[in-house]
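Enquirer: here's my sequence, what's the structure:
(chains A and B)
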2 protein chains.
Amino acid sequence: MKTFGKEDIKEMILTQSLESLEKLLEEVHPVDILDVLRELEDEKYSILKKLPNWLVADIFEEMDEDEQQEALNLFSELDQFKILNEMSSDEITDLLGNLEPDKVDRFLGNIDKEDAEEVKELLTYEEDTAGGIMATEFIAIKENMTVKETLSYLQTTGIEAETVYYLYVLDSSGILTGILSLRDLVISSFDTKISSIMTTSVKSVPVHMDQEEVANIFQKYGFQAMPVIDDLGEMLGVVTFDDIIDIVRQEDNEDIYRLGGLSEGEAVDGSVMDSVRSRLPWLLVNLITAIIAGATVGLFSSTIDKLVILATFNPIIAGMGGNAGTQSLTLIVRGIALGELNKENAKRVFLKEIIAGLFNGIAIGIVVAILGLIWANKPVFGLVVGVAMILNMSLATVVGYLVPVILKKLNIDPALASAVFVTTFTDVCGFFFFLGLATMFLKYLM
Amino acid sequence: MKTFGKEDIKEMILTQSLESLEKLLEEVHPVDILDVLRELEDEKYSILKKLPNWLVADIFEEMDEDEQQEALNLFSELDQFKILNEMSSDEITDLLGNLEPDKVDRFLGNIDKEDAEEVKELLTYEEDTAGGIMATEFIAIKENMTVKETLSYLQTTGIEAETVYYLYVLDSSGILTGILSLRDLVISSFDTKISSIMTTSVKSVPVHMDQEEVANIFQKYGFQAMPVIDDLGEMLGVVTFDDIIDIVRQEDNEDIYRLGGLSEGEAVDGSVMDSVRSRLPWLLVNLITAIIAGATVGLFSSTIDKLVILATFNPIIAGMGGNAGTQSLTLIVRGIALGELNKENAKRVFLKEIIAGLFNGIAIGIVVAILGLIWANKPVFGLVVGVAMILNMSLATVVGYLVPVILKKLNIDPALASAVFVTTFTDVCGFFFFLGLATMFLKYLM
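Expert: The predicted structure follows:
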């Protein structure tokens, strides 16, 4: 067993003649070559230009969008066409999706006609749907073939589809009637008919299904690939598990970033300007909400002026509301993303959140009531602190449920703005409940 | 193409005779049957007990841990052994991992000897490592076999491994020397030697590697399966992509839950008591930190007593520090989880965070300084607010970097306690900077 480290690959590329290099690099995964190229900085493009087109295409498929664009521009248009011709239709589509329309047309006029047709069709689908992530390369067979005929067919056509896990059985009008895994093919005797070993209860995804829903189905069933069909049941392409892992990570990351107040694009080792661009807009939105919260406190200045201990308990009540709201919000945002919160259980979950919020509110309320009583040495103060805490934490939990659910109904990503809404709500309400109650009962508190 | 809805399956199970049922259910995915069983509530176990053992085993593999335990206990010990015998070694191991040791021994004494040996070995690996998630069923071949010999071998041995994507080429001492995808097997002519089509630069994972790292490697290379080897290079098992999707989701969810102050186990449609158990401990920890923050304000009571507008700006300064800290924290926690923050770039990232924090702090600081100036109608007040904001937001960003990095060094999950630490820090420091500066310059502010 050979394994190539970064150093080995670097030395290979830098010292070997091109001919021997091509042979050697067949054994190396393109993503490893890309890693080396990234480290080589200045030399990377001169080396990339020396590599054979098929390998450049493979490396391109591992690059992120910005890298791809930058690298593509290094080649002459003729070479660009050659590289694109080595790529699969879904990868070409992703690449072209970022170019200007007239450049796209020029590309499509210069690559294989069949590929061009497929890419044109793929470009019509929304990026975040099954159609947007599917590849159009798949192996179609007929149900009256035998295992041996199928194997011969596979051997002679020399399948191009880079990732083949299943063979798809189509009838004469392209309708998907069955599916056969390579595993079932290779364990069946040569004269077995495909019709007798294929599965006819095929799970497929409609071409316009949202990619997050597609990912949830993959996760549920553990498939390697799923066929994509149109409204008539005609098979259009396949979505494969490797796209799904990327989507799961991407969607999860989006949720985490949005809940944390970052823009999706920010990379951990990006530039200072990227960070500022990602974070400052959120901070400005948060500033507005913080000012609203501060102004609420300002409304009660005269009460605080008379009873300065209120300023001490202020952050405790607002902060705990924020925590309770964030907990509920996090659970609901994930429940929506993973499809675990649905119409059937929505009411039950809402009721559960209300009761849990009330329960936690009472538990924390009792603790701070006792704390308030001791600190201020006045039972009424303890009561005011406790009641404000219970009100704020219960409401926070309810708001933590309602905000993402309402955003979802409005077709806005629930993770996007939920955190800002929820903490503004809990801050403002916390200050309002606490300072309002204190103002009402001020004569008993002095 | 047939598709079975929940209703179809329910009717099938409830009305068909067992014989015809067994044939029909071969076409249905076990997870769909489980969905129906879940809805049937009371009847579910009586139906489960009627199904053939192979199908019960398949359904078991789709259940979560609690369901498995509950369902398993419905069967006599003899039936339990029969069901376990239908399951793959890694699934048996997961199931047995939750039982008492003496029960485990009884199980191992009553299932296939070969399986029992494998399970015993699997039980020795940590749950969250490559060894803990691998299956020991895989197809080993020799490099001097031809394609036809390999196909005949596969046809006669009737491979049991439920998910076969690759064939593994081992030498006589079990050392992994090459790998062959089913795809490359089926497209090669019958007399091709395995040695001429296998890949010899095999990516494998060591048996003790952490599952999160394994998932990152899968994602990087897009493999369907990876071999697991011991220190000598001997092949022990395979990890497959379907486990990886589950791990990615599980690890991402863990991060999101921990950042949001929830315990990992909480389900969106769980019980009230589950919610309270998941959230109350975190709320109590947060209460302590909120009290520390409140006490910091309390230290400056006499200053606030003289200048009540400070109470209005207090939550603005603390809150913005919290937001800046959370942004930085979120980025770093994810960077660690995805392996994107490493030794090579740590220093550069830290420096970037410092500068970005300072930049955002100055931007927000200028805005609130102007706001403070207008609100209080005193330039010095604006200056105090602005400087406190810059100090707090810069420090918050640095703390958002340092806390998860230090927790990681201490082998504590960075997502676990980071949020609590960071917000305590930003609250206390925010109040301290702002009220401290105000106290110092009090005579210019009155």
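Enquirer: please parse chain A into its domains.
Expert: Per the record, chain A has its domains at A:6-133, A:140-239, A:272-445, by automatic domain parsing.
Enquirer: least reliable of those domains by average pLDDT, please.
Expert: Lowest mean pLDDT within the domains of chain A: domain A:6-133, a mean of 81.
Enquirer: grab the nearest non-local neighbour of the residue of the stretch 151-300 of chain A found nearest chain B.
Expert: Per Cβ to the nearest Cβ, residue A:260 is where the stretch 151-300 of chain A lies closest to chain B, at 2.8 Å. C-beta: built from backbone N, CA, C; applies to glycine. Leaving out its chain neighbours, the residue that sits closest to residue A:260 by Cβ to Cβ, 6 or more residues apart in numbering or on different chains is residue B:330, at 2.8 Å.
Enquirer: residues contacting the one you found?
Expert: A:256-257, A:259-262, B:259 (Cβ atoms under 8 Å, 6 or more residues apart in numbering or on different chains).
Enquirer: show me just the buried residues among these.
Expert: Buried members of these, counted by 16 or more other Cβ atoms under 10 Å in any protein chain shown: A:256-257, A:259-262, B:259.
Enquirer: which of those fall in helices?
Expert: Among these, the members falling in helices (DSSP state H) are A:256-257, A:259-260, B:259.
Enquirer: may I see those residues arranged in CSV, with pLDDT as well?
Expert: Formatted as CSV, these follow (pLDDT from 0 to 100):
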residue, pLDDT
A:256, 89
A:257, 89
A:259, 87
A:260, 87
B:259, 87
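Enquirer: residue B:144: which of those is nearest?
Expert: Relative to residue B:144, the closest of these is residue A:256; by Cβ to Cβ it sits at 50.4 Å.
Enquirer: gap between that closest one and residue A:28?
Expert: Remark: distance between residue A:256 and residue A:28 (Cβ to Cβ, to the nearest Å) = 33 Å.
Enquirer: same deal with residue A:85?
Expert: 22 Å.
Enquirer: who has more neighbours out of those two?
Expert: residue A:28 (19 against 15; other Cβ atoms under 10 Å in any protein chain shown).
Enquirer: quick check: the more buried one touching residue B:200?
Expert: No. When contacts are counted by Cβ atoms under 8 Å, residue A:28 is not listed as touching residue B:200 (11.2 Å).
Enquirer: next up, the contacts around the residue most central in space within chain A.
Expert: In chain A, the centroid-proximal residue (Cα atoms, centre = their mean) is residue A:251; its distance is 1.3 Å. Neighbouring residues of residue A:251 by Cβ under 8 Å, 6+ apart: A:211-212, A:215, A:337.
Enquirer: so which of the residues you listed belong to strands?
Expert: In strands, judged by DSSP state E, none of the contacts of residue A:251 are found.
Enquirer: neighbour-wise, give me the winner out of the residues you listed.
Expert: residue A:215 leads these on contacts (other Cβ under 10 Å) with 28 neighbours.
Enquirer: hang on, it packs against residue A:247?
Expert: Yes. Shown here, residue A:215 and residue A:247 form a contact pair, counting by Cβ under 8 Å, at 4.8 Å.
Enquirer: could you count how many residues lie near residue A:379?
Expert: 12.
Enquirer: from chain B, how far off is the nearest residue to it once chain neighbours are set aside?
Expert: With Cβ to Cβ, 6+ apart as the criterion, residue A:379 has its nearest non-adjacent residue at 5.7 Å, and that residue is residue A:373. With the distance defined as Cβ to the nearest Cβ, to the nearest Å, residue A:373 ends up 14 Å from chain B.
Enquirer: list the contacts of residue A:373.
Expert: Residues near residue A:373 by Cβ under 8 Å, 6+ apart: A:379, A:381-382.
Enquirer: can I assume it sits in a helix?
Expert: Yes. Under DSSP: H, G, I helix; E, B strand; the rest coil, residue A:373 sits within a helix.
Enquirer: how far away is it from residue A:321?
Expert: 20 Å.
Enquirer: please apply the same query to residue A:165.
Expert: From residue A:165 over to residue A:321 the distance is 50 Å, taken as Cβ to Cβ.
Enquirer: the more surrounded of the two?
Expert: Legend: neighbour count by other Cβ under 10 Å for residue A:165 and residue A:321, higher for residue A:321 (34 against 23).
Enquirer: thought the more buried one was touching residue A:390?
Expert: No. With contact defined as Cβ under 8 Å, residue A:321 does not count as touching residue A:390 (10.4 Å).
Enquirer: report how many residues lie close to residue A:64.
Expert: 8.
Enquirer: again with residue A:184
Expert: Neighbourhood size, residue A:184 [other Cβ under 10 Å]: 18.
Enquirer: how about residue A:322?
Expert: If you count neighbours by other Cβ under 10 Å, residue A:322 ends up with 28.
Enquirer: what residues are up against it?
Expert: Residue A:322 touches A:396, A:422-423, A:426-427, A:430, counting by Cβ under 8 Å, 6+ apart.
Enquirer: go on, residue A:361?
Expert: Applying Cβ under 8 Å, 6+ apart to residue A:361 gives the contacts A:324, A:389-394, A:397.
Enquirer: residue B:128: which of the domains of chain A is closest?
Expert: Using Cβ to Cβ, the domains of chain A put domain A:140-239 closest to residue B:128, at 19.1 Å.
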